[in-house]
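1. Turn this into a structure:
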Amino acid sequence: MHMIDWNTYRQQVVAGVGGFGKLSPETVRGYGAMGGAGQKTGQLDAKTRELIAIAVAITLRCDGCITVHTDAAHKLGATKEEVAEALGVAVSVNAGAAIVYSTRTLDAYAASDEA
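-> Reported below is the predicted structural model:
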């Protein structure tokens with residue numbers, strides 16, 4: 001049993017983007033161009049790009065991104081273990097960012113002593 005019906009949700013997201021595209025076609029066309037730009041360099045394969053997208057998606061907390069990119073990664077042959085590794089990298093980077101911002105907070109605290 002899944003917490004969310006991800007297949008239905010993914011269809012809703014795609015339909016919603018299609019509807020937005022009718023209202024703002026240049027915005028959606030530009031988004032599509034950005035998404036396709038990486039493919040043109042040929043430096044990373046499609047599966048690797050999707051694994052990166054999954055890691056970014058959880059960092060941004062974007063359910064639509066999660067469902068679309070997880071489905072794409074799965075279709076490109078990504079294993080559950082590869083997805084888990086990409087997620088682990090995202091968790092680590094997010095924890096690292098929290099550590100860095102913790103030092104900034106302590107610096108701001110110290111500055112308030114000087115005020």
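2. Now whichever strand or helix holds Gly36: average pLDDT?
-> Assigned by DSSP states H and E, Gly36 belongs to helix 25-41. Mean pLDDT, helix 25-41: 90.
3. buried stuff in the helix or strand just after that helix?
-> Note on helix 25-41: by DSSP H and E, the next helix or strand toward the C-terminus is helix 46-60. Neighbour-count burial for helix 46-60, counted by 16 or more other Cβ atoms under 10 Å, picks out 47-55, 57-58. For every residue, glycine as well, the C-beta is placed using N, CA and C.
4. would you turn those residues into TSV with distance to Ser102 and pLDDT?
-> Shown next, in TSV, are these (distance: Cβ to Cβ, whole Å; pLDDT from 0 to 100):
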residue	distance to Ser102	pLDDT
Lys47	34	97
Thr48	31	97
Arg49	31	96
Glu50	32	97
Leu51	28	98
Ile52	26	97
Ala53	28	97
Ile54	26	98
Ala55	22	98
Ala57	24	97
Ile58	21	97
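5. Identify the residues contacting the helix holding Gly36?
-> For helix 25-41, the external contacting residues (Cβ atoms under 8 Å, 6 or more residues apart in numbering) are 17, 20-21, 44, 46, 49.
6. leaving aside the residues next to it on the chain, what's closest to the residue nearest the centre of the chain?
-> The chain has Ala57 as the residue nearest its centroid, 1.9 Å off, counting by Cα atoms, centre = their mean. Counting by Cβ to Cβ, 6 or more residues apart in numbering, Cys65 is the residue found nearest to Ala57 once chain neighbours are left out, at 3.6 Å.
7. Many thanks, I have nothing further to ask.
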